[in-house]
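Visitor: got a structure for you, letters missing:
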């Protein structure tokens, strides 16, 4: 894993997990629910493309659901906005899933959405779940927008870079690589 801040851009990290390259960077937000800088990561894992799963911070899920409901019930709006973030479409397409082996504190902070419960179970191993709950101090609060998702054979992470500390980026990289490892171990190649 390497950490750089090239020529005036935000810091970046890159590495390999299971022989697959990944990259994480800080930059301008690409979603309107992220204020300030956005921390985002991506890895092309080459796993089967016919599954989807997402971990989303519960406050972000609730806010996006409220926004979607308000858009649908707005009498002046007759069509859906084509610029809706993919996360809002996920809320309509996929069910929230859960299970008892994760502690209640996990479910208070995060929600897991998936096309099939079995896919979420195959992805979410103990290390991944523990890392999601073990942010180092100063830690992002539960209100900090956070998503890690598997879709189309790739893994993505997106969060508000708060607090803007190297420790936040380093821990997000650990979470992201654990998510990638869980996917590589849980799903066949595409």
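Guide: Received it, and whenever you're ready, just let me know what you need. Computed from a prediction, not measured in an experiment: that's the story for all the values here. Numbers count the residues shown, from 1 in each chain.
Visitor: what secondary structure does the closest residue to residue 92 other than its chain neighbours sit in?
Guide: Among residues not flanking residue 92 along the chain, residue 68 sits closest, at 7.1 Å (CB to CB, 6 or more residues apart in numbering). Heads up, the C-betas are built off the backbone N, CA and C, glycines and all. When classified by DSSP: H, G, I helix; E, B strand; the rest coil, residue 68 comes out as helix.
Visitor: residue numbering should commence at 11 henceforth.
Guide: New numbering, starting at 11: the last item is residue 78.
Visitor: can you tell me how far residue 78 sits from residue 143?
Guide: The gap separating residue 78 from residue 143 is 27 Å, by CB to CB, to the nearest Å.
Visitor: which of the two has more neighbours?
Guide: residue 78 (18 against 12; other CB atoms under 10 Å).
Visitor: verify the stated contact: that one with residue 97.
Guide: No: contact criterion CB atoms under 8 Å: residue 78 and residue 97 do not qualify, at 10.0 Å.
Visitor: list the residues that contact the residue most central in space within the chain.
Guide: Among the residues of the chain, residue 158 comes closest to the average C-alpha position under CA atoms, centre = their mean, at 1.6 Å. Contact partners of residue 158, counting by CB atoms under 8 Å, 6 or more residues apart in numbering, are 64-65, 165-168, 185-186, 189.
Visitor: and residue 141, that one's in a helix?
Guide: Yes: with three-state DSSP as the criterion, residue 141 is located in a helix.
Visitor: what is the neighbour count of it?
Guide: By other CB under 10 Å, the residues close to residue 141 number 17.
Visitor: that'll do, ta.
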